[in-house]
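A.B. asks: Quick one, what's the 3D model for this:
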Amino acid sequence: MDNAPRRGKIDPIWWAPVLFLVIASLSALTILLFNGTLRDTIPLTLVSDRAGLVMEDGAKVKLRGVQVGEVASIGEEASL
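C.D. replies: Next up, the predicted model:
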């Protein structure tokens, strides 16, 4: 009776592949979230009349104390 089929239960031989797929899926999701692949971005340009604003590449951009982005690049344009 040891080899009798189990009713309504998964055969233990399938637990290893299921565990492997779960671990692989969670790893892939973690990598995608870490790289920011699943994040939407909207480009924004800030124009200032004075040079008093000091920013660096990679600086945090906050709105009401919550980080909403980061500075990608800084440049200057000649005024007309």
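A.B. asks: Can you pull the phi/psi pair for the residue nearest in space to the middle of the chain?
C.D. replies: With distances taken as CA atoms, centre = their mean, residue 33 lies nearest the centre of the chain, 2.7 Å away. Dihedral angles of residue 33 (phi, psi; degrees, to the nearest 10) stand at phi -70, psi -40.
A.B. asks: for residue 61, same thing?
C.D. replies: phi -110, psi 120.
A.B. asks: That one: neighbouring residues, count only.
C.D. replies: By other CB atoms under 10 Å, 13 other residues sit near residue 61. To be clear about C-beta, it is placed using only N, CA and C from the backbone, and glycine gets the same treatment.
A.B. asks: Who's the closest spatial neighbour of it, skipping the chain neighbours?
C.D. replies: residue 69 (4.2 Å; CB to CB, 6 or more residues apart in numbering).
A.B. asks: what about that neighbour, helix or strand, and which?
C.D. replies: Element membership of residue 69 [criterion: DSSP states H and E] is strand 66-70.
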